[in-house]
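> fold the following.
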Amino acid sequence: MSEFLQFLFSGLTVGAVYALVALGFTIIYNASGVVNFAQGEFVMLGGMITVFATAAGLPLPLAALVAIAATAAVGVALNKLAIEPARGAPVVSLIIITIGASIFIRGAAQLIFDKQIHSFPAFSGDDPIHVMGATILSQSLWAIGGAFAVFVGLWLFFTRTILGRAVLATSNNRLAAQLVGINTDFVMTLSFALSAGIGAFAGVLITPITMTSYDVGLGLALKGFAGAMLGGMGNPKGAFAGGLLLGLIEAMTAGYLSSQYKEAAAFVVILAVLFFMPQGLFGRKSTERV
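The predicted structure follows:
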């Protein structure tokens with residue numbers, strides 16, 4: 001039982017980060033139809049900027065806020081400089097643009113920061129919490145709680161605010177949203193800023209546990225994309241659940257089979273979803289009239 005709980009805690013911790021990355025994918029996909037493969041770099045920036053801001057003497061909470069704000073600005077720049085000028089291009093072209101942006105951000109981070117692995121102190125210390133023979137770090141609770149808080153906040157934003165409903169309207173029909181007076185350009189900018197900020201928040205939460213470096217973004221992007229696909233692309237509830245489920249699959253695979261197969265779990269999930277359930281676990285089947 002203790003062994004299962006240990007794997008469960010590990011899976012929920014990593015899955016919470018995957019869920020945040022998947023939510024970032026979902027926000028931009030709903031607003032623009034673009035799968036943003038630079039999403040993992042936002043997580044990297046959140047961790048790296050926090051590391052160097054604390055090294056410069058800023059308190060950790062302020063450093064984290066600076067990292068989230070700076071990363072959100074990078075997201076806005078990505079939209080303004082790369083996505084908006086290519087509006088009307090095929091979706092595949094836009095996806096390639098985001099891949100190029102990911103490579104550019106990774107290279108810039110290598111030059112601005114360094115190639116070393118970094119971390120910063122956990123929010124509540126490093127003493128583990130013992131539960132029925134298993135242990136969980138207090139930072140893991142911060143990561144899991146932070147992911148749930150972001151999910152609830154997004155749900156309230158999209159269902160209870162006029163601005164959130166404007167984002168949903170733009171995702172459903174951009175032209176119709178423009179006709180009723182919604183500033184769709186602002187909605188797009190907000191979506192990229194929100195997605196990048198959530199990614200940076202994930203980086204702040206997970207860096208004390210897994211550490212960070214300039215090249216961690218690609219792997220996180222693939223895992224977040226797998227989580228979004230598993231839950232149903234474009235479905236926030238599905239993205240959140242898919243990210244958590246993917247983390248649990250990885251942890252159980254590493255624990256009961258071998259850690260050598262852990263990294264393959266995400267790719268097996270993507271292939272299985274594409275073959276057997278293209279709409280994902282929570283997605284809806286759609287039909288188009290031709």
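> for the stretch 1-150 of the chain, which segments count as helices?
Secondary structure of the stretch 1-150 of the chain (DSSP state H, counting those that start in this stretch): helices at 2-32, 39-55, 60-78, 91-112, 138-160.
> could you identify which of these is most buried?
Each of the helices of the stretch 1-150 of the chain was scored by mean neighbour count; the highest is helix 39-55, a mean of 26, by mean count of other Cβ atoms under 10 Å. Where C-beta positions appear, they are placed from N, C-alpha and C, glycine not excepted.
> for Ile198, which of the helices of the stretch 1-150 of the chain is the nearest?
Counting by Cβ to Cβ, Ile198 lies closest to helix 2-32 out of those; the figure is 5.0 Å.
> elements contacting the closest one?
When contacts are defined as 3 or more Cβ pairs under 8 Å, 6 or more residues apart in numbering; DSSP states H and E, helix 2-32 packs onto helix 39-55, strand 134-137, helix 138-160, helix 162-172, helix 184-210, helix 217-231, helix 236-256.
> looking at these, which is nearest to Val273?
helix 217-231 (5.1 Å).
> pLDDT on that closest one, on average?
Helix 217-231 carries an average pLDDT of 89.
> for that helix, packing partners?
Using 3+ Cβ pairs under 8 Å, 6+ apart, helix 217-231 is in contact with helix 2-32, helix 39-55, helix 91-112, helix 236-256, helix 264-276.
> with mean pLDDT and distance to Phe201 as extra columns, can I get the ones you listed in JSON lines?
Output for the helices and strands packed on helix 217-231, formatted as JSON lines (pLDDT from 0 to 100; distance: least, Cβ to Cβ, whole Å):
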{"stretch": "helix 2-32", "mean pLDDT": "89", "distance to Phe201": "7"}
{"stretch": "helix 39-55", "mean pLDDT": "94", "distance to Phe201": "6"}
{"stretch": "helix 91-112", "mean pLDDT": "91", "distance to Phe201": "17"}
{"stretch": "helix 236-256", "mean pLDDT": "88", "distance to Phe201": "14"}
{"stretch": "helix 264-276", "mean pLDDT": "78", "distance to Phe201": "21"}
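> distance of Gly107 relative to Asp215?
Gly107 is 10 Å from Asp215, where distance means Cβ to Cβ, to the nearest Å.
> Met277 too?
Noted for Met277: a distance of 32 Å to Asp215, by Cβ to Cβ.
> before we move on, the earlier item: among the helices of the stretch 1-150 of the chain, which comes closest to Pro85?
From the helices of the stretch 1-150 of the chain, taking Cβ to Cβ, the stretch that ends up closest is helix 91-112, at 9.3 Å.
> contacts for that closest one, please.
The contact list for helix 91-112 (Cβ atoms under 8 Å, 6 or more residues apart in numbering) reads 32-38, 40-41, 44-45, 48, 74, 78, 82-83, 86, 214-215, 217-218, 221.
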